[in-house]
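Enquirer: the amino acid sequence is not available; the structure is as follows:
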């Protein structure tokens, strides 16, 4: 199986495969590449519906150029914990960031969130974020303020009185519940519109149908989040053969 970065002809084959409706796994098989490589390539370059080989190739070259400029000469990437492949971790962080951007989160906020989520500690200081992301302190500060306002992260002080930004295990539950509350608010506003426009008018009927639909969705999201919350506290548990198995743990 070939290694190294994707070539421009390979990217053209990816674009043709997507146009033909092929699954990532089938495109990967034809190129003799891992499926994860194809998934990562497509997701960080516009997604399956807007992927273009020429734009993807130029974007990859620009990212590589920025990394070369950011890295001081004579330095190597720091060793990764748990024997991880540093290049694979970096590429996965790009993929994670891209997916969050496609969900609607702004670029810098997505980068900060991905950086926090992919650390074992789940927390970093502002200076550590600046160093890892090679951005200005002001950019990090703005991203932190946004994520904090959305309930995605929180602040705490460590033993050296430094302010750290933390992503909790509970963050995805809180995010789902915030989404459910936001949807419920839309339901409330839609039903106010029914009263204003009249329940038996076309516009009023439309708003009532929207309210009923979103009311069902918001309740379903909240119920599912409550039922599944314990999953977020699953911790690795070492078995006698030194393999890790997940187990729920609320601490």
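Expert: Good, I have the coordinates. All of these numbers come straight from a predicted model, not from anything done at the bench.

Enquirer: now for the helix or strand where residue 28 lies, which elements pack on it?
Expert: Assessed by DSSP states H and E, residue 28 sits inside helix 24-31. Helix 24-31 is packed against helix 8-19, helix 35-43, with contacts defined by 3 or more C-beta pairs under 8 Å, 6 or more residues apart in numbering; DSSP states H and E. C-beta here means a position set from N, CA and C on the backbone, and glycine is covered the same way.

Enquirer: any idea which of those helices is most buried?
Expert: Greatest average neighbour count among the helices and strands packed on helix 24-31 goes to helix 35-43 (a mean of 20), per mean count of other C-beta atoms under 10 Å.

Enquirer: what about that one, distance to the chain center?
Expert: Offset of helix 35-43 from its chain centre (C-alpha atoms, centre = their mean, to the nearest Å): 15 Å.

Enquirer: now it against helix 24-31, angle please.
Expert: 110 degrees (axes from the mean of the first three to the mean of the last three C-alpha atoms, to 10 degrees).

Enquirer: packing partners of helix 35-43?
Expert: helix 8-19, helix 24-31, helix 86-102.

Enquirer: could you list the buried residues of the last one?
Expert: Residues of helix 86-102 classed as buried under the neighbour-count rule (16 or more other C-beta atoms under 10 Å) are 91-101.

Enquirer: kindly report the same for stretch 223-242.
Expert: Going by neighbour count (16+ other C-beta under 10 Å), the buried part of stretch 223-242 is 225, 229, 232.

Enquirer: now, these that are in helices?
Expert: Among these, DSSP state H puts residue 225 in helices.

Enquirer: wait, which of the buried residues of stretch 223-242 is closest to residue 149?
Expert: Closest approach to residue 149 among the buried residues of stretch 223-242 (C-beta to C-beta): residue 225, at 20.2 Å.

Enquirer: check contacts around that closest one.
Expert: If you count contacts by C-beta atoms under 8 Å, 6 or more residues apart in numbering, residue 225 has them with 173, 176-177, 180.

Enquirer: and if we set it to 6 Å?
Expert: Counting by C-beta atoms under 6 Å, 6 or more residues apart in numbering, residue 225 touches 173, 176-177.

Enquirer: same question for residue 129.
Expert: The contact partners of residue 129, by C-beta under 6 Å, 6+ apart, come to residue 140.

Enquirer: helix, strand or coil for it?
Expert: Here residue 129 is helix, with the state taken from DSSP: H, G, I helix; E, B strand; the rest coil.

Enquirer: state the distance from it to residue 167.
Expert: Spatial separation of residue 129 from residue 167 under the definition C-beta to C-beta, to the nearest Å is 12 Å.
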